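1. mind looking at a prediction? Sequence and model below.
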Amino acid sequence: MLVVKRENRTLPTLSNICDFNMPFTTKFIFLAPLVLLMLCAAGCKPKTFNFEDNTPPPYDGVPSIVIDAYVNRMWIDMMGREPLTSERDEAREELRAGALSINTRKALIDRLRTTTSGGVDYPSEYYHKLALDLNARFLDGASMEQIADQEQQYRGFASQDSADGNMLLYQFWTMEADKLGAIPANVIRYRLGEIDFGNFSKTFAFNGLYDEINMNSFNFINATYDDFYSRFPTTQEFELAYGVIEYGEAAGVMGMAATDKSSYLDALIGNAEFDEGTARWAYALLLAREPTSAEVLLHITTLGSLGDFRLLQREILSSDEYADL
């Protein structure tokens, strides 16, 4: 006959970091749920370890990851790309050396906009990005290559009309091609300070591509008020503008005389509301929000007498709200 001998076997004890250190055996295994319940209610008492001469160093600076996020954002908004590792490291050290002050941020922005460093032509990148932003504002995001292609298409039409002896159409298409050719040319002129931001902006609305996007006088007038001022015209403003655009009638537009499309656009950029529209566009572009009335009034002064968008852009990019440092 087979006899099974039963023996008691000791189970491992609970962790020595707890006060309760009773061994569990098969004899008391039924007590396990009760013991666990008591431990959960009372909690364990972890041991405290003190290390001498190990005081943490004081640190009240801004983490590098936060500074790098600011540099990345600035590069994208100014250059249309993320910075290279070397560019990011250099900018971070430049900002740290100046204690991340607003003046240090402005100095970095000015350096990127005006100087060539490490074989990189930052001004060319900056003004190309600005042109793309204005293309998005006025021309539904058309690339500079698309603009150049459209210009060449117009010149092809002009060449064909010249060969056919139709000089009126030849002149028309040549003029339209010149308007599109003025966009890259005025990027350079604005960079050199030969034209102000108002005339630079006008270039993007005074061409055949803008006319195709906003076909007929009704759409053109509404689009220009929306693009330049971020609002639609009043009934009276629309009626005055319609006579100018549709019939070539002389009328007062925004306090200035206008007789054709070019002088109509001159009137839109030749008043304080254009600066207000520029401020609203800048806030939407860089901060993704509407400015308050106080901010609009402040930044109209920032733009200066020539409505220099670059000054307003620098104020926003160097602000604590944008930097988030």
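-> Yep, that arrived. This structure is a prediction, so every number in the text was calculated from the model and none was measured. Numbers count the residues shown, from 1 in each chain.
2. where exactly do the strands run in this protein?
-> Using DSSP state E, the strands of the chain run over 116-117, 120-121, 251-253, 256-258.
3. make TSV from those strands and add mean pLDDT and mean neighbour count to it.
-> Where you see a C-beta, it was placed from the backbone N, CA and C, and this is true even at glycine. Shown next, in TSV, are the strands of the chain (pLDDT from 0 to 100; neighbours: other CB atoms under 10 Å):
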stretch	mean pLDDT	mean neighbour count
strand 116-117	88	10
strand 120-121	94	12
strand 251-253	96	18
strand 256-258	96	17
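4. quick one: closest of those strands to Asp110.
-> strand 116-117 (12.4 Å; CB to CB).
5. so what's the residue count around the nearest residue to Asn222 once chain neighbours are set aside?
-> Excluding the flanking residues, the one nearest Asn222 by CB to CB, 6 or more residues apart in numbering is Phe232, at 5.6 Å. Using other CB atoms under 10 Å, Phe232 is surrounded by 12 other residues.
6. what's the weakest-modelled helix or strand in this protein?
-> Taking mean pLDDT, DSSP states H and E as the measure, the helix or strand of the chain with the lowest value is helix 32-42, at a mean of 57.
7. returning to what we had before: got TSV for the strands of the chain, with distance to Asp320 too?
-> Converted to TSV, the strands of the chain look like this (distance: least, CB to CB, whole Å):
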stretch	distance to Asp320
strand 116-117	26
strand 120-121	28
strand 251-253	40
strand 256-258	39
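8. right, so of those strands, which gets closest to Met78?
-> Per CB to CB, nearest to Met78 of these: strand 120-121, 12.5 Å.
9. what's in contact with that closest one?
-> Here strand 120-121 makes contact (CB atoms under 8 Å, 6 or more residues apart in numbering) with Glu87.
10. so what strands line up beside that strand?
-> Strand 120-121 pairs in its sheet with strand 116-117 (antiparallel), by DSSP bridges.
11. starting at the chain centroid, how far to the strand it pairs with?
-> On the basis of CA atoms, centre = their mean, to the nearest Å, strand 116-117 sits 23 Å off its chain's mean C-alpha point.
12. show residues contacting it.
-> Contacts for strand 116-117 (CB under 8 Å, 6+ apart): Arg111, Tyr122, Pro123.
13. what about 10 Å?
-> Contacts with strand 116-117, where a contact means CB atoms under 10 Å, 6 or more residues apart in numbering, come from Glu87, Glu90, Arg111, Tyr122, Pro123, Ser124.
14. Ile65 versus the closest residue to the fourth one other than its chain neighbours, what's the distance?
-> Nearest residue to Tyr122 in three dimensions, chain neighbours excluded: Leu112, at 5.0 Å (CB to CB, 6+ apart). For Leu112, the distance to Ile65 under the criterion CB to CB, to the nearest Å works out to 21 Å.
15. between these two, which one's more packed in?
-> A count of neighbours by other CB under 10 Å puts Leu112 above the other of Leu112 and Ile65, at 22 against 7.
16. nothing else from me, thank you.
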